[in-house]
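A.B. asks: can you look at this prediction? I've put the sequence above it.
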Amino acid sequence: MTRSPLHAGLLASLLSVWGAGVAQAHSPYLRPNLFDAGRRDHVTVEAAFTEEVFNAEVAMRSDGFHVVGPNGDTPISAVTYLRDLAVFEAPTPVDGLYRLSSGPRAGRTTKMYHTPSGWKMVGEEDAPPPPGAELVDVQSITVAEAYVMRGVPDEAALKPTGQGLELQPLIQPNQIVAGEDATFRLLFDGQPLADAPVTVFREAGQYDGKTIETETATDASGVLTLRVSAPGAYMTQVRYRTAAPAGSPTPYRSYTHTLTFTADAG
C-alpha cells in the first residue's frame with residue numbers, strides 16, 4: 001500500500017515520539033559516598049540518570065539541589081557537571097539527619113495514552129500504542145532523594161513538603177535492617193497515595209543479575225512496608241501519572257520519585 005505524504009509524516013512523528021519515550025526509562029538517583037557522615041562536615045553526592053541502578057549514564061542537571069537538615073534548608077549551588085554524572089558536596093555541619101534532594105526537575109514533553117491498567121507513556125511497551133488510542137501531552141517531573149545522618153539523627157528532615165510525589169520514611173533511615181520490615185508513607189501533594197506500585201532496585205544486581213529486589217505497592221492508607229533480603233544499597237522508584245495543575249505547559253504530568261537507602265546486617 002502506498003502511503004500519502006501526510007500519513008508518512010504522521011507515522012514518522014509517532015515513531016519519533018515512541019523512540020523518545022524509551023529514553024525516559026532512565027531513572028534518576030542520588031548516591032552519597034557515606035550514609036553515616038560520622039564527624040565529617042560534608043558528604044560527596046553523585047547525581048545521575050541510569051537504566052541500571054547506580055551505574056551513572058547521564059548527568060543529572062538541576063537548579064534545585066538542596067539539603068534539608070537540623071540547620072534548615074540549604075541550597076547547593078556548587079555542582080560539577082561531567083558527561084555521565086554530576087557531583088556536589090552536601091554540608092553536614094551539626095549532628096542530625098539530612099535529606100539530600102534534587103528538587104523537582106521538569107523534563108521534556110512527550111505523549112501518553114490510557115489503558116485498562118493505567119496511563120502508559122509512548123515507548124514504555126514493546127509495541128506502539130493500540131489503534132485508536134488517544135495520545136495526550138505529558139511532562140515528566142522527577143525527584144531523587146537520599147538520607148545521611150551525622151551523630152544522633154533528629155526528625156526535622158523527615159517532614160514532607162506537601163508538594164508533588166514524596167516517600168516519607170516512618171522510621172529513621174539508618175534503622176533499616178535486612179530481613180526486618182521498614183515502613184514509609186507515599187504522599188502526593190501531602191495526601192496518602194493508596195495502592196501505588198513501587199519497585200525496589202538493588203545495587204548487588206550489578207553482580208548477580210537480579211536487579212529488582214521486589215515489586216510491591218502501598219496499602220489503602222498509603223503505607224509502604226518493605227523487607228529487603230540482604231545488607232546493601234537499594235533504591236525505591238515510584239511513578240504516578242495525573243492531571244497537571246492549572247496553567248501548566250501540558251494537561252498531564254508523569255511524576256517519578258526515587259529514594260536511595262542502605263540496609264544493615266541484622
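C.D. replies: All right, it came through fine.
A.B. asks: now the helices for the protein?
C.D. replies: Listed in chain order, the helices of the chain (DSSP state H) span 5-23, 205-208.
A.B. asks: ranking those helices by mean pLDDT, which is last?
C.D. replies: Note on the helices of the chain: lowest mean pLDDT is at helix 5-23, with a mean of 34.
A.B. asks: and T50, bridged to which residues?
C.D. replies: Bridge pairing for T50 (DSSP bridges) gives the partners S27.
A.B. asks: neighbours around it, how many?
C.D. replies: 21 (other CB atoms under 10 Å). In this view, the C-beta of every residue, glycine as well, is placed from N, C-alpha and C.
A.B. asks: residue contacts, it?
C.D. replies: Residues in contact with T50 (CB atoms under 8 Å, 6 or more residues apart in numbering) are H26, S27, Y29, A56, E57, V58.
A.B. asks: just the buried members of the residues you listed?
C.D. replies: H26, S27, Y29, A56, V58 (16 or more other CB atoms under 10 Å).
A.B. asks: thinking again about what came up before, make a markdown table out of the contacts of T50 and add distance to R39 and pLDDT.
C.D. replies: Listed next are the contacts of T50 as a markdown table, based on distance: CB to CB, whole Å; pLDDT from 0 to 100:
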| residue | distance to R39 | pLDDT |
| --- | --- | --- |
| H26 | 36 | 83 |
| S27 | 33 | 93 |
| Y29 | 26 | 98 |
| A56 | 28 | 96 |
| E57 | 34 | 96 |
| V58 | 34 | 96 |
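A.B. asks: return the member of those residues nearest to E180.
C.D. replies: Proximity of the contacts of T50 to E180 (CB to CB) peaks at Y29, which lies at 23.7 Å.
A.B. asks: tell me who's in contact with the closest one.
C.D. replies: When the contact criterion is CB under 8 Å, 6+ apart, the partners of Y29 are A47, A48, F49, T50, V53, F54, A144, M235, T258, T260.
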